[in-house]
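1. Based on what follows, work out the 3D shape:
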Amino acid sequence: MYLNELHPENKDLFLDLCICLSMSDLHFSHEEKVLIKQLCAEMNIPERYSTDLNVNDVIKSLAKNTTEREKRIIIIEAAGIIMVDNDYSDNEKKLMLTLSKIFGIPYSETEKIIGTISELYSVYEKFAQFLTGKSI
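-> Sure thing, here's the model as predicted:
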């Protein structure tokens with residue numbers, strides 16, 4: 001949604017974060033891979049599904065190299081990747097807490113964004129049901 005606002009050098013770091021988040025629950029779901037493909041297209045960067053970087057190093061690099069607005073964009077988009085498979089694991093929660101803390105964004109705000117993303121996916125699911133003739 002807002003990824004084109006990221007500075008070019010931060011786009012690959014954001015992709016590293018997405019990969020780390022997707023793998024944090026030990027299950028890199030099909031939905032996560034599909035979303036990563038879409039995010040790469042939006043950022044106009046080559047798609048990939050692995051990283052050699054440690055998630056804490058990625059978060060620290062992003063914190064150091066991003067503006068306040070970029071940090072908030074990353075929180076929104078990271079919430080999208082963790083909620084796309086409709087499973088918010090304990091490891092994903094820990095990573096989002098770490099991300100919020102290092103970015104200096106109250107976790108209560110991050111939780112609200114995660115809830116909003118979950119609601120958004122629910123609306124998309126209702127549209128999909130409607131389009132296929134299923135009851136909503």
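2. Show the average pLDDT along the longest helix belonging to the chain.
-> Longest helix in the chain, counting residues (DSSP state H): helix 107-131. Averaged across helix 107-131, the pLDDT comes to 95.
3. just stretch 33-53 next, same as before
-> Across stretch 33-53, the per-residue pLDDT values average to 95.
4. In that stretch, which residues are buried?
-> Taking 16 or more other CB atoms under 10 Å as the basis for neighbour counts, the residues of stretch 33-53 that come out buried are 35-36, 39-40, 43, 51. For glycine as for every other residue, the C-beta is placed from the backbone atoms N, C-alpha and C.
5. quick one: the nearest residue in space to Lys126 that is not next to it in sequence and Ala128, what's the gap?
-> Spatially, and ignoring its direct neighbours in sequence, Lys126 is nearest to Ile136 (4.7 Å; CB to CB, 6 or more residues apart in numbering). Between Ile136 and Ala128 the distance is 9 Å, computed by CB to CB, to the nearest Å.
6. of the two, who's got more company?
-> The neighbour comparison of Ile136 against Ala128 (other CB atoms under 10 Å) goes to Ala128, with 11 against 8.
7. circling back to that earlier point, so which bits of the longest helix of the chain are buried?
-> 110, 113-114, 117, 121.
8. roughly how far apart are the residue positioned nearest the centre of the chain and Leu39?
-> For the chain, the residue nearest the mean C-alpha position is Ala78 (1.9 Å; CA atoms, centre = their mean). Distance, Ala78 to Leu39, using CB to CB: 10 Å.
9. Having no further points to raise, I will conclude here.
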